[in-house]
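J.: build the 3D model from these lines:
(one chain, ligands or ions: 1)
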Amino acid sequence: MNASDSSWLAEPAAVPAHVAVIMDGNGRWAKQRGLPRTFGHTSGARQVRAMVEHCQQCGIGYITIFAFSSENWKRPDDEVSSLMALFVLYLEKEVGAMSARGVRLKVVGDLTRFDARLQRLIRETEEKTAGNSGITLTVAANYGGRWDMLQAVRLWQAAHPGESVQALGEEDLAPFLSMAYAPDPDLLIRTGGESRVSNFLLWQIAYAEMFFTDVLWPDFSVKELAHALSWYASKDRRFGAVSERVAT
Ligand code: FPP
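T.: Below you'll find the model as predicted:
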């Protein structure tokens, strides 16, 4: 490819409706540069905007990013605080620009553990962007896939007092999952060299194509994203059936 070749920017033929991303590698990215881990997170947060913009240009309807897992509380206090501060900053500063471009913001996860100010900011930002009809950016914060399934069962039971869980089918539970407003992810991208799903959207990624790359999240450019989307477009998605059946 020569320097002026921008063919990688072309939209791929089959576009996923929903892309989920595990943004791993911020700490290593910072360490490689002799910087504190928090610098990696700041750089990582910056990458999110370019990513959302490109997905929107490609006609992708939903992008969901894993910003903070239920397990991340085990990190050193200063790292947890700086991730929280970054989240607040992101909601305060970045979302205005995103909203202007029609981005709808949603946050999923057990938000009760966040301080009151952050919870209020999350609610306000969701309300402010609720009417936007462009791409939906979901930030998963204090999220875990197992937590999501459990809270869905609890909500179902509260809505159906006295009914036995024996009667519970997949379609009954789906509306109570935290991402009920979105189609299941078609493509899961994980940066940072690990090939695991780390308790992210366990129910929803049942049929997702998994794209694992060694690239560290702050280096995951639009070009890398375009590569992942082309890889996805080359996949024959059978959903447990055979190709001919899917075609018909
Ligand atoms: C994993 O890298 C990344 C995280 C735990 C946090 C991801 C958060 C951001 C990209 C910034 C926040 C985003 C928003 C939207 C506010 P790691 O720290 O595990 O990296 P390592 O594996 O190299 O140590």
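
J.: look at the residue nearest to residue 206 when sequence neighbours are not counted and say how many residues are nearby.
T.: In space, and not counting its chain neighbours, residue 206 is closest to residue 184: 6.9 Å by Cβ to Cβ, 6 or more residues apart in numbering. Using the backbone N, CA and C atoms, a C-beta is placed for each residue, glycine as well. When neighbours are counted by other Cβ atoms under 10 Å, residue 184 registers 18.

J.: with residue 205 instead?
T.: If you count neighbours by other Cβ under 10 Å, residue 205 ends up with 19.

J.: my read is it is in a helix, agree?
T.: No - counting by DSSP: H, G, I helix; E, B strand; the rest coil, residue 205 is not found in a helix; it is coil.

J.: wait, doesn't it sit right on residue 20?
T.: Yes - counting by Cβ atoms under 8 Å, residue 205 does reach residue 20; the two are 6.7 Å apart.

J.: need the residues touching each of the two.
T.: 185, 188 (Cβ atoms under 8 Å, 6 or more residues apart in numbering).

J.: which residues in the protein form strands?
T.: Applying DSSP state E to the chain gives strands spanning 18-22, 62-69, 104-108, 136-143, 187-190, 209-212.

J.: what comes up buried for the last one?
T.: The reference is to strand 209-212. Residues of strand 209-212 classed as buried: 209, 211-212 (neighbour count, 16 or more other Cβ atoms under 10 Å).

J.: tell me which parts of this protein are close to the ligand?
T.: When proximity is defined as Cβ under 6 Å from any ligand atom, the chain approaches the ligand at 23-28, 41, 44-45, 48, 67, 72, 86-87, 90, 139, 192, 217.

J.: restricted to buried residues, select those in ChimeraX.
T.: The ChimeraX selection below is limited to those of these classed as buried (16+ other Cβ under 10 Å):
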select :23,24,25,26,27,28,41,44,45,48,67,86,87,90,139,192,217
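
J.: which ones among the residues of the chain next to the ligand lie within helices?
T.: Among the residues of the chain next to the ligand, the members falling in helices (DSSP state H) are 26-28, 41, 44-45, 48, 86-87.

J.: thinking again about what came up before, just put the strands of the chain in a markdown table and tack on mean pLDDT.
T.: Output for the strands of the chain, formatted as a markdown table (pLDDT from 0 to 100):
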| stretch | mean pLDDT |
| --- | --- |
| strand 18-22 | 98 |
| strand 62-69 | 95 |
| strand 104-108 | 96 |
| strand 136-143 | 95 |
| strand 187-190 | 98 |
| strand 209-212 | 98 |
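
J.: those: which one's closest to residue 160?
T.: Smallest distance to residue 160 across these (Cβ to Cβ): 22.5 Å, for strand 104-108.

J.: now for the closest one, which elements pack on it?
T.: With contacts taken as 3 or more Cβ pairs under 8 Å, 6 or more residues apart in numbering; DSSP states H and E, strand 104-108 sits against helix 95-100, helix 116-129, strand 136-143.

J.: and with 7 Å instead?
T.: When contacts are defined as 3 or more Cβ pairs under 7 Å, 6 or more residues apart in numbering; DSSP states H and E, strand 104-108 packs onto helix 116-129, strand 136-143.

J.: who does that strand pair up with?
T.: strand 136-143 (parallel) (DSSP bridges).

J.: CSV for the strands of the chain, including distance to residue 161?
T.: Formatted as CSV, the strands of the chain follow (distance: least, Cβ to Cβ, whole Å):
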stretch, distance to residue 161
strand 18-22, 33
strand 62-69, 32
strand 104-108, 25
strand 136-143, 27
strand 187-190, 36
strand 209-212, 39
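
J.: among those, which comes closest to residue 118?
T.: The stretch from the strands of the chain with the least distance to residue 118 (Cβ to Cβ) is strand 136-143; that distance is 8.8 Å.

J.: list the contacts of that closest one.
T.: With contact meaning Cβ atoms under 7 Å, 6 or more residues apart in numbering, strand 136-143 is reached by 52, 61-70, 87, 98, 103-111, 113-114, 179, 182, 200.
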